[in-house]
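**Student:** I would like to see how this sequence folds:
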Amino acid sequence: MNNRYSAVPLNALEMKAISWLDGFYQLEHLLCTRAWVTALSPAAPPALRFAALVHDAERFFPGGPTSMPTDGFDDCDYLFAHSLRSADIVQAWLADAAPDHDAAFTRQVRKFILRHEIGGNSEEDLLQAADSLSFLDIYDWLVIEWVRDGHYSAAQAREKLDWSVERIRLPTARRLALPLYAKSLRALESAPNSTMDTASRRAAAGSRKWLLAA
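**Tutor:** From the prediction side, this is the model:
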């Protein structure tokens, strides 16, 4: 694996968080979201980069909110519950893993996680855009798996891809999303006949060792 996820060096707290979340298939999505935040804004503050790295933390732990495609991908009940649970879990982890860390940093991380699905100010819109770009960038295999395994219909998967682009507010990010969206559509079209080993790809996407070659 190349070093795109550590091109902007990961600090000690980030590496500790990666070890905490190691083993779940969405780890690559988190690393990729951080990479997109730093690509869109090289001067992004540490709290924003860290929030990008942990924004979906609640999905790593059983008991979280669920939503069906019939609810729509812009289901506010789910998005708010997901964001709040992630913020709570990350805040509790920071209190345990970094008790001497600046309280203002924790407050900022919490605020960013709470807003990562809906955006808000320029930094919150940046995180939302990076989240969408990451999904479109790396999840061609997941789209194939969804359709092939019957998790989503092709139409429902297309709705998810459409929504991932449509919610991006930043013009530069939306332009960057378009070729990634086209790539995802090609994966979707190939899904019924794909022979991709998505189980192996899923395992790799959750492996800190594979993702960071470390």
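**Student:** can you pull the buried residues of stretch 143-161?
**Tutor:** For stretch 143-161, the neighbour count (16 or more other Cβ atoms under 10 Å) marks 143, 144, 145, 146, 147, 148, 152, 157, 158, 159, 160, 161 as buried. Any C-beta I mention is one placed from the backbone N, CA and C, and that applies to glycine too.
**Student:** where are the low-confidence patches of the chain?
**Tutor:** 1-2, 214 (pLDDT under 70).
**Student:** apply 90 and report the result again.
**Tutor:** Counting by pLDDT under 90, the chain shows low-confidence ranges at 1-4, 6-8, 65-76, 97-102, 149-152, 213-214.
**Student:** tell me where it has helices.
**Tutor:** For the chain, helices defined by DSSP state H occupy the ranges 12-20, 27-40, 46-54, 76-97, 103-114, 122-138, 140-149, 154-166, 171-190, 198-205, 208-212.
**Student:** for residue 67, which of these is the nearest?
**Tutor:** helix 76-97 (3.6 Å; Cβ to Cβ).
**Student:** neighbours of the residue nearest to residue 6 when sequence neighbours are not counted, just the number please.
**Tutor:** Spatial nearest neighbour of residue 6, excluding adjacent residues (Cβ to Cβ, 6 or more residues apart in numbering): residue 212 at 5.8 Å. For residue 212, the neighbour count with other Cβ atoms under 10 Å is 17.
**Student:** list the contacts of residue 212.
**Tutor:** For residue 212, the contacting residues are 1, 3, 5, 6, 10, 18, 31, by Cβ atoms under 8 Å, 6 or more residues apart in numbering.
**Student:** neighbour-wise, give me the winner out of those residues.
**Tutor:** residue 31 (25 neighbours).
**Student:** and that residue, how close does it get to residue 53?
**Tutor:** 7 Å (Cβ to Cβ, to the nearest Å).
**Student:** give me the common contacts of these two.
**Tutor:** By Cβ under 8 Å, 6+ apart, the residues touching both residue 31 and residue 53 are residue 18.
**Student:** turn the helices of the chain into JSON lines, columns for distance to residue 61.
**Tutor:** As requested, the helices of the chain are exported to JSON lines (distance: least, Cβ to Cβ, whole Å):
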{"stretch": "helix 12-20", "distance to residue 61": "11"}
{"stretch": "helix 27-40", "distance to residue 61": "14"}
{"stretch": "helix 46-54", "distance to residue 61": "12"}
{"stretch": "helix 76-97", "distance to residue 61": "7"}
{"stretch": "helix 103-114", "distance to residue 61": "14"}
{"stretch": "helix 122-138", "distance to residue 61": "19"}
{"stretch": "helix 140-149", "distance to residue 61": "20"}
{"stretch": "helix 154-166", "distance to residue 61": "23"}
{"stretch": "helix 171-190", "distance to residue 61": "27"}
{"stretch": "helix 198-205", "distance to residue 61": "18"}
{"stretch": "helix 208-212", "distance to residue 61": "17"}
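**Student:** now residue 101: how far from residue 93?
**Tutor:** Taking Cβ to Cβ, one finds residue 101 at 11 Å from residue 93.
**Student:** neighbour count for those two, which is higher?
**Tutor:** Between residue 101 and residue 93, residue 93 has the larger neighbour count (other Cβ under 10 Å), namely 16 against 13.
**Student:** how far away is residue 57 from residue 85?
**Tutor:** 9 Å.
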